[in-house]
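>>> Have a look at this fold, sequence not included:
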């Protein structure tokens, strides 16, 4: 009879049958119990271990279910062959050492000027919670699997909203709902031809997603009218990713003639060239109404794929983005992705559908626009007061960020300025960090300041702290230059 080394602890919180199961499984996997050996009978093992027969039977049944033992009628349980696991070079019994988490860079952030921030205090929590609660009680069917394109009610609401406020012309069947623009872009990329042109400077995540999806990227410069169509035409790109309403990060708006020129570039090769229009924050235009979307200018079956999200207008945590496909791309999308599951919860989609349909969304946007415009005005005034003629501001007319450019001689690289600000507890970005093909064309001393998450009361102290920090950085750079 086999000799088992099981040691059971009645005081342990682990049930006795599970302790016995673990002990026998470990002995089998270690080779201590040979394949083909007959296990002790349940009654005899129960007596030897001073446990009940049910305890032994429970352990044996678990071992048999997982393939450690085989049950033979009227004969008992037998050890199954357990293949030896290959030992890797350098392997030990010690648990692997995990890489340490990166240490926080610099002191705690006192002023967050990152471009992804929004003011979550503006979120209409009571209205959103009430709508979602009503759906939870009245629509249990939403717990079932939904349409991979998204809830039809949400797509209908979006189609109506986009036509009225952004001039997008589409049917609900053309809209795809997904968890973030990056996810939708990764689904879209395999449906499109050739290399993709991206703005330089531009949105780094778009480039990364396109390249991760097998689309090599070409870098096209941006001027005061947005992406250069002449440079685009000189490239071999078949797809153009563009942010025409509020170019990221420079903040310029592509004028109507340039938009027509861009559409002409795509129209010269139907079905072989496409434009991806990322309309990420067009709701926040403060001085004039936004220009019509490229998609609206091209038509429902034109060469434009329209992308947008509620990350800025509501909150980043509500992972709802959407894209509008040209009609002729729908069959390819459905053939490739019809078996996929939706990536946004149905309750969240239906809540947003009601939020739009019942007018809450437009009222929320109106309130948010007023709040952000007031903050932009206060921040701009505070920066102009703190810096005076030593700096200039641009990109104030729309969006939730602006550019601050230092004037003068011996201005340090903007990366050094951003690092100095971070050491002072101010998180912001250097404009050069958004250049895809190297920062040589970047205006010197230019910083990107996002004010979406900034508290109104902090505008003045932030401006004073930033001015003091950057002046010290410039003085240090000037002294270093003079000593060389």
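Yes, it's here. What you are looking at is a predicted structure, and each value in this text was computed from that prediction instead of being measured.

>>> Now for residue 157: which residues touch it?
Going by Cβ atoms under 8 Å, 6 or more residues apart in numbering, residue 157 touches 352, 353, 356, 357. For every residue, glycine as well, the C-beta is placed using N, CA and C.

>>> what sits against the second one?
When contacts are counted by Cβ under 8 Å, 6+ apart, residue 353 touches 151, 153, 154, 156, 157.

>>> Kindly indicate the member of these with the most neighbours.
Neighbour tally across those (other Cβ atoms under 10 Å): the maximum, 28 neighbours, falls on residue 154.

>>> Identify the residue nearest it in space, chain neighbours excluded?
Nearest residue to residue 154 in three dimensions, chain neighbours excluded: residue 353, at 4.1 Å (Cβ to Cβ, 6 or more residues apart in numbering).

>>> so after whatever helix or strand that neighbour lives in, what's the next helix or strand?
Secondary structure assignment for residue 353, by DSSP states H and E: helix 346-357. Scanning forward in sequence from helix 346-357 by DSSP H and E, the next helix or strand is helix 360-387.

>>> what angle do that following helix and helix 346-357 make?
Computed by axes from the mean of the first three to the mean of the last three Cα atoms, to 10 degrees, the angle separating helix 360-387 from helix 346-357 equals 80 degrees.

>>> what's helix 360-387 packed up against?
Packed against helix 360-387 by the contact rule (3 or more Cβ pairs under 8 Å, 6 or more residues apart in numbering; DSSP states H and E) you find helix 152-166, helix 346-357, strand 391-394, strand 401-406, helix 459-483.

>>> And the helices in the stretch 201-350 of the chain?
Assigned by DSSP state H, counting those that start in this stretch, the stretch 201-350 of the chain shows helices spanning 204-212, 229-234, 256-267, 294-298, 330-337, 346-357.

>>> Return the most buried member of those helices.
helix 294-298 (a mean of 23; mean count of other Cβ atoms under 10 Å).

>>> Against which helices or strands is that helix packed?
The contact analysis (3+ Cβ pairs under 8 Å, 6+ apart) places helix 294-298 against helix 256-267, strand 274-278, strand 304-309.

>>> which stretch among those comes nearest residue 372?
Closest to residue 372 of these, according to Cβ to Cβ: strand 304-309, at 16.6 Å.

>>> Report the distance from that closest one to the chain centre.
16 Å (Cα atoms, centre = their mean, to the nearest Å).

>>> So what are the sheet partners of it and their directions?
With DSSP bridges as the test, strand 304-309 is paired with strand 274-278 (parallel), strand 321-324 (antiparallel).

>>> Of those strands, flag the one that's most buried.
For the strands paired with strand 304-309, the largest average neighbour count (mean count of other Cβ under 10 Å) is found in strand 274-278, namely a mean of 26.

>>> relative to helix 204-212, how tilted is that one?
Here strand 274-278 runs at 150 degrees with respect to helix 204-212, directions being taken by the same axes, to 10 degrees.

>>> Now do the helix holding residue 353 and helix 152-166, the angle between them.
Counting by the same axes, to 10 degrees, helix 346-357 lies at 40 degrees to helix 152-166.

>>> now helix 346-357: mean pLDDT?
The predicted model assigns helix 346-357 a mean pLDDT of 96.

>>> still on that earlier bit, which among the helices of the stretch 201-350 of the chain is found nearest to residue 6?
Closest approach to residue 6 among the helices of the stretch 201-350 of the chain is made by helix 346-357 (48.8 Å; Cβ to Cβ).

>>> Tell me how many other residues crowd residue 125.
11.

>>> mind checking pLDDT for it?
95.

>>> Likewise for residue 108?
What the model reports for residue 108 is a pLDDT of 91.

>>> again with residue 277
pLDDT, residue 277: 97.

>>> Excluding residues flanking it in the chain, which one is nearest it?
Nearest non-adjacent residue to residue 277, counting by Cβ to Cβ, 6+ apart: residue 294, 4.6 Å away.

>>> mind putting the strands paired with strand 304-309 in CSV, distance to residue 169 included?
Output for these, formatted as CSV (distance: least, Cβ to Cβ, whole Å):
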stretch, distance to residue 169
strand 274-278, 13
strand 321-324, 9
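
>>> Show me the shaky parts of this structure.
Along the chain, the model assigns pLDDT under 70 to residues 1-3, 5, 84-94, 101, 103-105, 287-288, 290, 480-484.

>>> ok, now with 50
Along the chain, segments meeting pLDDT under 50 span 1, 484.

>>> circling back: which of the strands paired with strand 304-309 sits closest to residue 374?
Smallest distance to residue 374 across these (Cβ to Cβ): 26.6 Å, for strand 274-278.

>>> Distance from the chain centre to that closest one, please.
Relative to its chain's centre, strand 274-278 lies at 19 Å (Cα atoms, centre = their mean).

>>> if I look at the nearest residue to residue 211 once chain neighbours are set aside, how far off is residue 362?
Leaving aside its sequence neighbours, residue 211 sits nearest to residue 217 (Cβ to Cβ, 6+ apart; 5.8 Å). As judged by Cβ to Cβ, to the nearest Å, residue 217 and residue 362 stand 36 Å apart.

>>> Settle it for me: which of the two has more neighbours?
residue 217 (21 against 13).

>>> Bridge partners for the more buried one, pull those for me.
With DSSP bridges applied, residue 217 shows beta-bridge pairing to residue 196.

>>> hang on, it packs against residue 208?
No. Residue 217 is beyond contact range of residue 208, at 9.2 Å (criterion: Cβ atoms under 8 Å).

>>> For the stretch 51-200 of the chain, which segments count as strands?
Taking DSSP state E, counting those that start in this stretch to define them, one finds strands in the stretch 51-200 of the chain at 69-72, 76-79, 111-112, 175-178, 196-200.

>>> For residue 386, which of those is the nearest?
strand 111-112 (12.9 Å).

>>> Just checking: what are the partner strands of the closest one?
strand 426-427 (parallel).

>>> Mind listing residues that contact the partner strand?
Applying Cβ under 8 Å, 6+ apart, the external contacts of strand 426-427 come out as 109, 110, 111, 112, 113, 114, 421, 462, 465, 466, 469.

>>> Next SSE downstream of it?
Once strand 426-427 ends, the next helix or strand along the chain (criterion: DSSP H and E) is strand 429-430.

>>> Next up, the contacts around the closest residue to residue 157 other than its chain neighbours.
Leaving aside its sequence neighbours, residue 157 sits nearest to residue 356 (Cβ to Cβ, 6+ apart; 4.1 Å). Counting by Cβ under 8 Å, 6+ apart, residue 356 touches 154, 157, 158, 160, 161.
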